[in-house]
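Trainee: Sequence and predicted structure are below.
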Amino acid sequence: MGFDFGTVLVFAVVAVGFALGGIAASRALGPKWPNPEKASIYECGERPVGVAWFNFNPRFYLVALVFLVFEVDIALTFPVVAVFKGWVAGGPGMAWVAFFELLVFTGILVVGLAWAWAHGDLEWIKTLGTPSEEAPARAEPRRAA
């Protein structure tokens, strides 16, 4: 038992050693001719225009998160569906348990999607108020007498 852990430990040390050894060799043996052009951002051979730091619309992140959630749902559902026929053949008890687990799992994700949809988080152009709401009247500034 201890030998198995020793093998894994030796493998991990050798793997980390190869990675760090490659980085160290590259730094030690590589050419060192720094200049401003090498330090600039590479954009497919074109001269960089503007700054590289700009704000993304947060909607990109939300759409990406919703995509990842449902991608994980499909990745976790496919293996269960693939062996579901075997569970049915083994007895109806296991098949019903697996069916309801999948139903609850997908139901939780659908409730989360419905919540995000109801709050308008999936709309690309989000309005901050309803059209029937009017802006409050501005008070006139007081003038000094």
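Mentor: Right, received. Where do you want to start?
Trainee: List the contacts of residue 74.
Mentor: Listed by Cβ atoms under 8 Å, 6 or more residues apart in numbering, the contact set of residue 74 is empty. For glycine as for every other residue, the C-beta is placed from the backbone atoms N, C-alpha and C.
Trainee: how many neighbours does residue 66 have?
Mentor: 17 (other Cβ atoms under 10 Å).
Trainee: and the gap between it and residue 33?
Mentor: Residue 66 sits at a distance of 47 Å from residue 33 (criterion: Cβ to Cβ, to the nearest Å).
Trainee: Other residues contacting stretch 47-57?
Mentor: So stretch 47-57 is contacted by 40-41 (Cβ under 8 Å, 6+ apart).
Trainee: How far away from the center of its chain is it?
Mentor: Computed by Cα atoms, centre = their mean, to the nearest Å, the chain-centroid distance of stretch 47-57 equals 22 Å.
Trainee: Between the two ends of it, what distance do you get?
Mentor: End-to-end distance of stretch 47-57 (Cα to Cα, to the nearest Å): 25 Å.
Trainee: Pull out the buried positions in it.
Mentor: Within stretch 47-57, no residue counts as buried by 16 or more other Cβ atoms under 10 Å.
Trainee: average pLDDT across that stretch?
Mentor: Stretch 47-57 carries an average pLDDT of 73.
Trainee: From the chain's centroid, how far away is stretch 93-107?
Mentor: Relative to its chain's centre, stretch 93-107 lies at 26 Å (Cα atoms, centre = their mean).
Trainee: Use 186 as the first number for this chain going forward.
Mentor: OK, 186 is where the count begins now, so the last one is stretch 278-292.
Trainee: Next one: residue 282, what pLDDT does it get?
Mentor: Confidence score, pLDDT, at residue 282: 85.
Trainee: Give me the most central residue, this structure.
Mentor: Nearest residue to the geometric centre of the chain (Cα atoms, centre = their mean): residue 250, 5.4 Å.
Trainee: ok, and for the helix ranked longest in the chain, which residues are buried?
Mentor: Selection of the longest helix in the chain by residue count, based on DSSP state H, yields helix 243-275. Residues 251, 258, 272 are the ones in helix 243-275 that count as buried (16+ other Cβ under 10 Å).
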